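# Fold the following, please.
(one chain, ligands or ions: 1)
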Amino acid sequence: MIRFRNNISINGEAFGRARAMAAGIFEPSGPPSSNPLFRGGAPQLPGQEDYETFVERNAAIYENRVRDLLVRIQTRQAGRAVMSSIGQQARRVTIVPLPQPRQRIATRRTTDSPNSYATPLDLEAATQKSRLLRDARDGEVLKPWRRGTGEGSDGEIEFHPWPVTPDVLPDQSSCRSQTPFEGSLDEDLLHELLHVLRYMLGVRNARKVPFQPLYDTMEEFFAIVITNIYRSECGREGIRQHHHEAPASCITDEGFLKVGLNREHLRKLRRQQPDLFADLHAVKAPFNPIRQMWVAGQ
Ligand SMILES: [Zn+2]
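Residues are numbered from 1 along each chain as shown. Predicted coordinates for the structure are as follows:
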């Protein structure tokens, strides 16, 4: 496990253990094997490093890979703004391997990138005070009804820091399919960090977005808009216009602010996360509707 800044941890142990299993290396206390090379349930091949060393070495591969993506995110002003806001929170986030990414992709629970998933450790504490707890997928109220306390929660991000090849993606013919590519892994991770930041603050309110159902929830709206600003700052083409498409759309800041209640949603962001809003307003990127709002004094 490595610590990145003060409250972000990366724990690749599960990745190391999965790698060991794939390589046929088992814990000394594991089940006996029929392989004669594995003596009495201590299946070490001659000359092979021991199980724990193998796991640690492979865990480090995962951890270093994620750390490199976090470093890449921090090279951009928008990324630094988000990381700085996370660093100011008392709550913590841990980034761990996505268990069995291929199977998970086939049954994925949200339309976030198939590489990633963020979850609060305490949903009531992550949810805005007095708001009803809602399903992350579609904004429906969870039964039985419960309300948020707004106390803030730690978060966990399950993340696979390598591209997942398109052949394992389901429903490729539908608008839900995405083809993650190397250049978007930092965006995928930033998107999840933005979800967790709001859990930490206790301001999660996953209601539907009025007039724009393809965003799924307001939480997706905020994560997508801010990741788009980062993406634009990176000089990448197009932005992601909702939760069911890869980045492709071109829209001006003014055009974006005129869609649905977008301007009102960003005002809400300014009320809830004023420091982040102020930092993002300074980002000089072709797409930055926050900067547009600030400049126009709206
Ligand atoms: Zn998301």
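
# Now the element after the helix or strand hosting Val71, going C-ward?
Using DSSP states H and E, the element containing Val71 is helix 51-74. Counting by DSSP H and E, the next helix or strand C-terminal to helix 51-74 is helix 77-87.

# Just checking: what are the partner strands of the helix or strand that that following helix is followed by?
Going down the chain from helix 77-87, the next helix or strand is strand 93-97, by DSSP H and E. Here strand 93-97 has these sheet partners by DSSP bridges: strand 8-10 (parallel), strand 155-159 (parallel).

# what's the angle from strand 93-97 to helix 77-87?
Counting by axes from the mean of the first three to the mean of the last three C-alpha atoms, to 10 degrees, strand 93-97 lies at 110 degrees to helix 77-87.

# ok, residues contacting strand 93-97?
With contacts defined as C-beta atoms under 8 Å, 6 or more residues apart in numbering, strand 93-97 is touched by 7-12, 14-15, 18, 62, 66, 86, 154-160, 189, 193, 196, 200. All C-beta atoms are positioned from the backbone trio N, CA, C, and that covers glycine.

# quick one on the thing from earlier: could you name the helices and strands sitting against the helix holding Val71?
strand 2-4, strand 8-10, helix 13-22, helix 77-87, helix 185-201 (3 or more C-beta pairs under 8 Å, 6 or more residues apart in numbering; DSSP states H and E).

# weakest of the ones you listed in terms of mean pLDDT?
Within these, confidence is poorest for helix 13-22, with a mean of 92 (mean pLDDT).

# Go through that one and flag the buried ones.
Of the residues in helix 13-22, those buried by neighbour count under the rule 16 or more other C-beta atoms under 10 Å are 13-20.

# okay, these in a markdown table with distance to Ala125 next?
What follows is the buried residues of helix 13-22, written out as a markdown table (distance: C-beta to C-beta, whole Å):
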| residue | distance to Ala125 |
| --- | --- |
| Glu13 | 26 |
| Ala14 | 25 |
| Phe15 | 28 |
| Gly16 | 31 |
| Arg17 | 30 |
| Ala18 | 31 |
| Arg19 | 34 |
| Ala20 | 35 |
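
# Could you export these to a markdown table, including columns for distance to the ion?
Below are these laid out as a markdown table (distance: C-beta to the ion, whole Å):
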| residue | distance to the ion |
| --- | --- |
| Glu13 | 25 |
| Ala14 | 22 |
| Phe15 | 22 |
| Gly16 | 27 |
| Arg17 | 27 |
| Ala18 | 24 |
| Arg19 | 28 |
| Ala20 | 31 |
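
# for the helices and strands packed on helix 51-74, which one ends up most surrounded?
With neighbours taken as mean count of other C-beta atoms under 10 Å, those reach their highest mean count in helix 185-201, at a mean of 25.

# In terms of secondary structure, what does the helix or strand following that one contact?
Where DSSP H and E defines the elements, the next helix or strand beyond helix 185-201 is helix 218-233. Contacts defined by 3+ C-beta pairs under 8 Å, 6+ apart place helix 218-233 against helix 77-87, helix 185-201, helix 262-272, helix 274-281, helix 289-295.

# if we can go back for a sec, can you redo the helices and strands packed on helix 51-74 as CSV with distance to Ile229?
Converted to CSV, the helices and strands packed on helix 51-74 look like this (distance: least, C-beta to C-beta, whole Å):
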stretch, distance to Ile229
strand 2-4, 22
strand 8-10, 21
helix 13-22, 31
helix 77-87, 5
helix 185-201, 10
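
# Nearest approach to Val283 belongs to which of those?
Closest approach to Val283 among these is made by helix 77-87 (4.7 Å; C-beta to C-beta).

# quick one, the closest one and helix 274-281 angle?
Helix 77-87 and helix 274-281 are oriented at 170 degrees to each other (the same axes, to 10 degrees).

# Kindly reformat the strands paired with strand 93-97 as a markdown table and extend each row with distance to the ion.
Conversion of the strands paired with strand 93-97 to a markdown table gives the following (distance: least, C-beta to the ion, whole Å):
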| stretch | distance to the ion |
| --- | --- |
| strand 8-10 | 18 |
| strand 155-159 | 11 |
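
# So which of these is nearest Lys143?
Closest among these, using C-beta to C-beta: strand 155-159, at 23.5 Å.

# quick one, the closest one and helix 13-22 angle?
30 degrees.

# can you tell me how far the residue nearest to Thr227 when sequence neighbours are not counted sits from Arg240?
Computed as C-beta to C-beta, 6 or more residues apart in numbering, the closest residue to Thr227 that is not its neighbour in sequence is His191, at 4.8 Å. His191 sits 9 Å away from Arg240, taking C-beta to C-beta, to the nearest Å as the criterion.
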